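Novice: no FASTA, just this:
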């Protein structure tokens, strides 16, 4: 009986706005089934985390913009984070047009005008769930082929997420910045997940930074979540990694070459320890530079990553950096 109970009672939000486990069958028919207390407890336990780890799922619905997460349920509340469109949250409670949520490392309040809940959230979330392979150790080798004899493309840090393609038993086929790659299955955990909120500290650019660097970072972050397109040059309709940083620099009167390889030969080479927001970080495959990102402070970069994720923020060492370059003269 308990197993049938789990199937019969998906969590929904009733028309009255209250969470209900009985919407799908009706309260009357529920009581006619005469479940025991233990069976009801089993049903409740089974519902925990049933939707990709969430019990009461909320999905940001902002038509492309980021949803502000505030410290208090008010438009004047202090910002504590931002939820990208279609990011997920656990809904703790709702009241007076606001939802208290937890999303990733962010806890706060969001407007219910821009948050889907219940069945609506689940239905939308299905289209945005991604399967990732999470690195379990630092310096994890990413190889060109599923063999220890194959060359190492790059290394990634512990906790980094690689886009999952398929399980080959001993090896996991992934992509990194839209490049096919392979990682030994013992060293990754494969999970199905939804995007979560970004903390304000993740969006910080640091202290003692010139105005132009601050402005460049803030301008670049406006395009978070926009699509990646190989060869593309549109910040809104599709762009690749080198065109993305080229467009950001152009906005501020600085000229960059079109490809990441050519860009890496501009400016002045610097050490990782000297990075400032606005500096460029380059990454390689087989010894040749094939990707570029812009440093934004707090050990993070923004870049046009791949078709799956578009323009996103990562740790600067989400893969092994090859070269750091300073173009900005300040």
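Specialist: Now that the structure is in, tell me what you want to look at. Values in this document were obtained by computation on a predicted structure and should not be read as measured data.

Novice: contacts, neighbours, all on C-alpha from now
Specialist: Fine.

Novice: how far away is residue 312 from residue 261?
Specialist: Distance, residue 312 to residue 261, using CA to CA, to the nearest Å: 21 Å.

Novice: Sorry, slip of the keys, the one I care about is residue 69.
Specialist: The value you get for residue 69 to residue 261, if CA to CA is used, is 39 Å.

Novice: Which of those two has more residues huddled nearby?
Specialist: More neighbours surround residue 69 than the other of residue 69 and residue 261, with 30 against 18 (other CA atoms under 10 Å).

Novice: didn't that one look like it was pressed against residue 84?
Specialist: No: taking CA atoms under 8 Å as the definition, residue 69 is not a contact partner of residue 84, at 10.5 Å.

Novice: How many neighbouring residues does residue 96 have?
Specialist: Residue 96: 8 neighbours (other CA under 10 Å).

Novice: Please apply the same query to residue 166.
Specialist: Counted with other CA under 10 Å, the neighbours of residue 166 add up to 12.

Novice: Can you say which helix or strand has it in it?
Specialist: strand 161-167 (DSSP states H and E).

Novice: What residues of that strand count as buried?
Specialist: Buried residues in strand 161-167, counting neighbours by 16 or more other CA atoms under 10 Å, are found at 161, 162, 163, 164, 165.

Novice: now stretch 305-317
Specialist: Neighbour-count burial for stretch 305-317 flags 305, 306, 307, 309, 310, 311, 312, 313, 314, 315, 316, 317 (criterion: 16+ other CA under 10 Å).

Novice: for the first one, helix, strand, or coil?
Specialist: This means residue 305. Here residue 305 is recorded as strand under DSSP: H, G, I helix; E, B strand; the rest coil.

Novice: Next up, phi/psi of the nearest residue to it once chain neighbours are set aside, please.
Specialist: Spatial nearest neighbour of residue 305, chain neighbours left out: residue 177 (5.1 Å); criterion: CA to CA, 6 or more residues apart in numbering. Per-residue torsions, residue 177: phi 50, psi 40 (degrees, to the nearest 10).

Novice: from memory residue 177 sits against residue 303, does it?
Specialist: No: contact criterion CA under 8 Å: residue 177 and residue 303 do not qualify, at 9.7 Å.

Novice: who has more neighbours, the two?
Specialist: More neighbours surround residue 303 than the other of residue 177 and residue 303, with 27 against 20 (other CA under 10 Å).

Novice: Grab the nearest non-local neighbour of the more buried one.
Specialist: Going by CA to CA, 6+ apart, residue 303 has residue 293 as its nearest residue, at 4.7 Å.

Novice: which stretches of the chain aren't confidently modelled?
Specialist: Along the chain, segments meeting pLDDT under 70 span 1-35, 37, 39-47, 201-209.

Novice: Quick check: can you list the domain ranges of it?
Specialist: The record's domain parsing of the chain by automatic domain parsing lists 2-47, 57-125, 130-193, 200-326.

Novice: Now do the helices in the protein.
Specialist: For the chain, the helices defined by DSSP state H cover 2-8, 27-32, 37-47, 118-125, 211-221, 241-251, 260-263.

Novice: check contacts around residue 101.
Specialist: Contact partners of residue 101, counting by CA atoms under 8 Å, 6 or more residues apart in numbering, are 89, 90, 91, 92, 93, 107, 108, 109, 110.

Novice: redo that, cut-off 6 Å
Specialist: The neighbours of residue 101, taking CA atoms under 6 Å, 6 or more residues apart in numbering as the test, are 89, 90, 91, 92, 107, 108, 109.

Novice: and which of the residues you listed is nearest residue 274?
Specialist: Nearest to residue 274 among the contacts of residue 101: residue 107, at 32.7 Å, using CA to CA.

Novice: so how far is residue 154 from the nearest residue to that closest one once chain neighbours are set aside?
Specialist: Distance criterion CA to CA, 6+ apart; nearest residue to residue 107, sequence neighbours excluded, is residue 101 at 5.7 Å. In this view, residue 101 and residue 154 are 37 Å apart by CA to CA.

Novice: neighbours of the residue lying closest to residue 200 once chain neighbours are set aside, just the number please.
Specialist: Using CA to CA, 6+ apart and skipping residues adjacent in sequence, the residue nearest residue 200 is residue 81, 4.9 Å away. By the measure other CA under 10 Å, the count of residues near residue 81 is 25.

Novice: go on, residue 218?
Specialist: 15.

Novice: Over to residue 271?
Specialist: When counting by other CA under 10 Å, one arrives at 10 neighbours for residue 271.

Novice: Residue 63 too?
Specialist: 11.
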